[in-house]
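> model this:
(one chain, ligands or ions: 1)
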Amino acid sequence: MNNLVRISKDNDVAVITIDNPPVNALGPGLPEGVLAAIDEINGDPAVKAAVVIGGGRTFVAGADIKEFGKMTSGGPRRSLLPLLLRIEDSGKPVVMAIHGSAFGGGLELAMAGHYRVASPTAQVGQPEVNLGIIPGAGGTQRLPRLVGVAKAVEMCAGGKPVSAREAAALGLVDRLIEGDLLAGAVAFAREVAGKPAPKTRARAEKLGPAAETAAIFAAARDAAAKKQRGLKAPLAAIDAVEAGTKLPFEEGCQAEAKLFTECLFSDQSKALIHVFFGEREVAKIPDIPKETALIPVNSVAVVGSGTMGGGIAMVFANAGIPVLLKDVDEAALNLGMEKIRKNYASSVQRGRFTQAFVDERLKLITPVPDYDAFSVVDMVIEAVFEGMALKKKVFADLDRVCRPGAILASNTSTLDIDEIAGSTSRPEAVIGTHFFSPANVMRLLEIVRGKKSSKEVIATCMQLSKKLGKIGVLVGNCRGFVGNRMFGPYRREAQFLVEEGAEVEAVDKALVDFGMAMGPLATGDLAGLDVGWRIRKEYRHLEKPGIRQPFAEDRLCELGRYGQKTLKGWYRYDENRRASADPEVTALVQKWSADSGIPQRLISAAEIVDRCIYALVNEGARILEEGYALRAVDIDIIYLNGYGFPAYRGGPMWHADTVGLQKVYQRVCEFHKQHGELWEPAPLLQRLAEEGKTFAEFDKEQVAAA
Ligand code: 3HC
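The predicted model follows:
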């Protein structure tokens, strides 16, 4: 064959092993190798059947995603379809033996086999929509023939994998093999050898009558429009499956190929592929080698049982790590534990967890009123009220009670980690772990590197984030770190726009239409307007005199309008926290603006988006240049996972690249002229725009230089 595919024999059964670590992606040469192996077994009279199996940890995780970028920038177009037809047409039965994952092209390869057997822990799926594409090698045509139209639509449009057990129940897997997969697959192959080999593409019994399937497609389109708002690929996947129910197999494949190509060349797909690699890139820290020793974290303590502390305790418990949860007294602890129980109960109600799982998690959380048991834990996460004096006191206490080597982490969202570390005798053990609210739900974890944080502590926290089901991004220690530092200018512009005459709902709608999960003003109401108000009061002395500052939100707070918690903020809320526009706010802001001499004007949705999104980009560029984010992609991953930025736009920095940095820079210059100093273009944005470069190219240069 070639070095990616091996063939061996177990008497009359040929074993074709795919060997392309780490995930056996179908890169160049691999499909050709499989084809040569199939030809060889068909020419060998001693072989009665074949097993195809993945070497290493998995079957085949799909097409090689790196190849897509080459294809869209003029490289050769490769299709797996002809190979899959040749496998399906093999005169001798081919049994696909699946462990790990059979994803995308991997599942398409498996479905071209005559039979599929799997380890019970395997997973199969068509996750292409997560990359902004659809299955491109007959997946939308063969899958409905094996699992029925409804399930095929769900899998192709939703992208979620199913377990081997479910696949077996659906008819996608013919047998589950406990124990040795290869031995079981060879035995299975022997059972089916000599019998007529069923071709998936020739099966039609599960395709169903058109009258029934029409309703499935309509419901799927509605669901995709709601749950995957703005994404084009799910709708294309539904179209492709539908084509498969109406057209002969070959024509269905042609329809699929056309839709696949349209998706592949779209900006959405380029953005989502950037996100796929970006999520893996952020784990790589240039000055921290992979082999850095990790500190075992088998038990933790959380200080503060409020909303954040309780949520963080749940995160650790969910990962099976025992947690001590400390607060000042029993009353506070009771409140904290009650909230945790309520949160878990609602997860059970929504079907996210079983009661048995929750009972086990609750046993892992031990409320404690003092530091007595802290001497044995491996890590402490402080989540007390956001004030420097209190945090310093807590860290001085931790320094006294924790064992040497324990990690001391702060969940601060704004405060200086170095100053906090300074209150201990071991600043190398101190780090920021900034969870996002609700901590047990949000995927982002900003890991804040202090000047003296040790490499072991950083590497451990990065690794731990994975175990906790989070995506950890390392950031530097500046005010607001990366996410909140950028969020400041974004929300500032949203307020300015209202003060200049835009309606509250118009500002939020423009950004929701852009793809943000929520508008900036509604987000403020949800988080509590008083939070920012208090912080602004604390930092007022840092504001440069003579520079315009937004005032509307502070004035709303002065009137007791803190947002959802007071049922009044930018919006008015009913007892179920459903928002409606509040004419009182409009009238108030109009009056305040008139008093301040701010001219009122009509503001377009396009201007709203440019002002808010380019405020993010400009601040992001500054952060990047100052080194508080390692790469532009790190900023993107932060925004996608912590701030509801639409993944199909790739994050703020990727979005700016897509628009074109010259255009973005030009717009920032216009805003600078109109609105003054706050819009001073970031030098990096200016440089890249003038050099005709992108943030992605800047990242590549950084990686090459490291
Ligand atoms: N192509 C290229 N590289 C891939 C890849 C793929 N399909 N899948 C994974 N990799 C790379 C990752 O980038 C990573 O590289 P790195 O070590 O240099 O960062 C390495 O393989 C290991 O990946 P993970 O860190 O993600 O390993 P895990 O063990 O955590 O997860 C996995 C393994 C579940 C297979 C996960 O990697 C995954 O979900 N991969 C993508 C699967 C997918 O989307 N397949 C569909 C591809 S599109 C397609 O097939 C189109 C077809 O219809 C024509």
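> spatially nearest residue to Val328, not counting backbone neighbours?
Leaving aside its chain neighbours, Val328 sits nearest to Pro369 (7.4 Å; criterion: Cβ to Cβ, 6 or more residues apart in numbering). The C-beta positions use only the backbone N, C-alpha and C, and glycine is treated the same way.
> so for the one you found, what's the pLDDT?
Note for Pro369: predicted pLDDT of 95.
> how about stretch 664-679: buried residues?
664-665, 667-669, 671, 678-679 (16 or more other Cβ atoms under 10 Å).
> nearest to Met516 among the residues you listed?
Nearest to Met516, judged by Cβ to Cβ, of those is Val664 at 17.6 Å.
> pull up the gap between Glu281 and Phe316, please.
According to Cβ to Cβ, to the nearest Å, Glu281 and Phe316 sit 26 Å apart.
> ok, the two, which is more surrounded?
Phe316 (26 against 17; other Cβ atoms under 10 Å).
> just to revisit the earlier point, show me the contacts for the residue nearest to Val328.
By Cβ atoms under 8 Å, 6 or more residues apart in numbering, the residues touching Pro369 are 326-330, 333.
> so which of the residues you listed are in strands?
Judged by DSSP state E, these include Lys326 as members of strands.
> and the furthest pair within the contacts of Pro369?
Lys326 and Glu330 (11.6 Å).
> the more surrounded of those two?
Lys326 (29 against 10).
> the stretch 351-500 of the chain: helices as residue ranges?
355-363, 388-401, 417-421, 455-467, 483-499 (DSSP state H, counting those that start in this stretch).
> what is the third one packed up against?
The reference is to helix 417-421. helix 388-401, strand 430-435 (3 or more Cβ pairs under 8 Å, 6 or more residues apart in numbering; DSSP states H and E).
> do that again at 10 Å, thanks
helix 388-401, strand 407-410, strand 430-435, strand 444-448 (3 or more Cβ pairs under 10 Å, 6 or more residues apart in numbering; DSSP states H and E).
> which strands and helices lie in contact with the last one?
The reference is to strand 444-448. Packing partners of strand 444-448 (3+ Cβ pairs under 10 Å, 6+ apart): strand 407-410, helix 417-421, strand 430-435, helix 455-467, strand 471-475, helix 483-499, helix 632-642.
> please state the offset of the second one from the chain centre?
Which is helix 417-421. For helix 417-421, the separation from the chain centroid amounts to 30 Å (computed by Cα atoms, centre = their mean, to the nearest Å).
> now do the buried residues in that helix.
417-418, 420-421.
> please pull out the lowest mean pLDDT helix or strand from the chain.
helix 529-539 (a mean of 84; mean pLDDT, DSSP states H and E).
> now the angle from that helix to helix 388-401?
90 degrees (axes from the mean of the first three to the mean of the last three Cα atoms, to 10 degrees).
> closest to the ligand among the buried residues of helix 417-421?
Ile417 (27.8 Å; Cβ to the nearest ligand atom).
> you'd agree that closest one is up against Ile431?
Yes. Counting by Cβ atoms under 10 Å, Ile431 is a contact partner of Ile417 at 7.1 Å.
> need the residues touching each of the two.
409-410, 448-450, 452-453, 477 (Cβ atoms under 10 Å, 6 or more residues apart in numbering).
> the ligand next: which of these are close?
Residues of these in contact with the ligand (Cβ under 6 Å from any ligand atom): none.
> which one of these is nearest the ligand?
Arg449 (21.1 Å).
> buried ones in the lengthiest helix in the chain?
Longest helix in the chain by number of residues (criterion: DSSP state H): helix 605-626. Within helix 605-626, the residues scored as buried using 16+ other Cβ under 10 Å are 607-624.
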